[in-house]
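[1] Return atomic coordinates for the entry below.
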Amino acid sequence: MSSSYFDSASAFPLHPAARQALGAALSDGWADPSKLYGNARRARQLLDASKEAVADVVGARADEIHFTASGTRAVHEGVLGGLLGRRRAGDVLVHSAIEHSSVLHAAEAHEREGGRAVAVGVDRSGRVDAGAFAEAVAGPGVALAALISASHEVGTAQPVEEVAAACAAAGVPLLVDAAQSVAWGPVAPGWSLLALSSRKWGGPPGVGVLGVRRGTRWESPWPAAEGAAVNLPGVVAAAAGLRAAVGEAAELGPRLRGLTARIRERVPALVADVEVVGDPEVRLPHLVTFSCLYVDGEAILTALDRAGFAVSSGSSCTSSTLRPSHVLEAMGVLSHGNVRVSLHRDVEEEDVERFLAVLPETVERLREEAGVTGL
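    This is a model prediction of the structure:
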């Protein structure tokens with residue numbers, strides 16, 4: 001994997017442990033784990049071991065872990081299934097204004113069916129107002145709440161425990177989208193439903209995780225899909241990758257935090273009219289986002305790509321639509337000219353220094369071409 005790949009928040013490079021497990025599972029885990037013959041029993045052992053590995057990381061029971069076709073699928077099943085299971089309690093979904101687009105799409109689907117969705121705002125650092133969230137879930141007719149554990153766009157960690165306590169007091173189940181944070185630290189307790197995405201920690205794409213606590217009222221929104229064959233090799237690789245990523249986080253996290261702190265500090269000194277967004281302290285270690293005034297977002301990503309750096313816009317889910325990020329807009333910060341840098345295990349100090357050397361001249365050239373220098 002190229003060390004100039006700076007978009008691990010979209011997809012972390014496949015972890016060596018996941019790669020090894022995938023190869024082994026392709027040879028040994030191809031049978032249907034629901035059958036009774038020898039190959040199937042071996043496949044079932046691999047599936048059960050994968051559930052146990054993920055459950056151990058997130059603080060759950062193995063029978064509370066379910067594998068899905070993607071992280072997006074896990075979110076949709078979690079949100080829509082949670083609302084179905086609680087339809088007698090009400091029809092209101094409460095979520096933060098900075099949720100991943102998969103949550104927002106599920107909320108839109110719920111509203112099309114006659115339900116309601118309430119978005120709770122965030123401050124300028126991207127942190128949700130826990131008091132406002134508590135007030136919202138205490139309102140009438142709330143069936144489910146959803147909160148991302150850490151912003152996928154700016155890295156700001158959310159007050160999940162505080163929100164979970166408020167949800168528990170109100171008798172409202174909480175879905176936590178911990179896709180970005182699960183590899184970097186413990187999952188906060190108090191969740192009823194949990195959504196994860198394998199590719200965010202170095203597992204293969206096409207594998208998601210839905211956690212459903214025992215006692216949580218949840219119904220599958222797509223019952224016809226129940227019993228569908230699981231991508232067992234992918235599941236085995238995802239579990240192996242997660243276990244390995246968590247094991248190296250204590251060493252890797254501080255190193256990457258130091259590198260992203262360097263970017264946060266030096267970019268404003270090197271480039272005029274730049275705003276670094278997100279909380280500088282309570283954040284994911286591998287991610288930093290900044291906004292460049294007078295620069296087109298697509299143009300700067302293309303220019304950096306030509307210079308050898310794969311970065312993303314501030315939005316991992318809207319960058320291809322040319323629409324401003326709903327997360328950055330909710331924060332009240334610049335929503336154009338955004339660059340999201342997210343590092344991985346193979347990035348070294350010299351890679352970051354090369355990026356910091358290329359960035360100023362790239363921005364300056366784009367501003368000159370647009371005729372906006374000296375403003």
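
[2] buried ones in the longest helix anywhere in the chain?
    Longest helix of the chain, by residue count under DSSP state H: helix 232-270. By 16 or more other C-beta atoms under 10 Å, the buried positions in helix 232-270 come out as 232-246, 249, 252-253, 256-257, 259-260, 263-264, 266-267. The way it works is simple: take the backbone N, C-alpha and C, and place the C-beta from them, glycine included.

[3] gap between it and the chain center?
    The chain centre lies 13 Å from the centre of helix 232-270; the measure is C-alpha atoms, centre = their mean, to the nearest Å.

[4] Parallel or antiparallel, list what pairs with the helix or strand just after that helix.
    As assigned by DSSP states H and E, the chain's next helix or strand after helix 232-270 is strand 274-277. Sheet pairing for strand 274-277, assigned by DSSP bridges, gives strand 287-292 (antiparallel).

[5] tilt between the partner strand and helix 232-270?
    40 degrees (axes from the mean of the first three to the mean of the last three C-alpha atoms, to 10 degrees).

[6] Just to check, Val288 is in contact with Val352?
    No. Val288 lies out of contact with Val352 (C-beta atoms under 8 Å); the separation is 10.3 Å.

[7] on that earlier part again, tell me what the longest helix of the chain is packed against?
    For helix 232-270, the helices and strands in contact under the criterion 3 or more C-beta pairs under 8 Å, 6 or more residues apart in numbering; DSSP states H and E are helix 16-28, helix 38-58, strand 274-277, strand 287-292, helix 349-370.

[8] so can I have CSV of the ones you listed showing mean pLDDT and mean neighbour count?
    Shown next, in CSV, are these (pLDDT from 0 to 100; neighbours: other C-beta atoms under 10 Å):
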stretch, mean pLDDT, mean neighbour count
helix 16-28, 95, 18
helix 38-58, 95, 18
strand 274-277, 96, 20
strand 287-292, 96, 26
helix 349-370, 96, 16
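
[9] need those in CSV with distance to His100, can you?
    Below are the helices and strands packed on helix 232-270 laid out as CSV (distance: least, C-beta to C-beta, whole Å):
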stretch, distance to His100
helix 16-28, 22
helix 38-58, 18
strand 274-277, 17
strand 287-292, 14
helix 349-370, 26
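
[10] quick one: which of those is nearest Thr302?
    helix 349-370 (9.6 Å; C-beta to C-beta).

[11] contacts for that closest one?
    3-4, 6, 259, 262-263, 266-267, 270-271, 274, 292, 294-296, 299-300, 303-304, 307-309, 341, 343, 373 (C-beta atoms under 8 Å, 6 or more residues apart in numbering).

[12] now the strands for the stretch 101-250 of the chain?
    Listed in chain order, the strands found in the stretch 101-250 of the chain under DSSP state E, counting those that start in this stretch are 116-120, 142-148, 174-177, 193-197, 208-212.

[13] and the third one, how far from the chain's centre?
    Taking C-alpha atoms, centre = their mean, the mean C-alpha location of strand 174-177 is offset from the chain mean by 12 Å.
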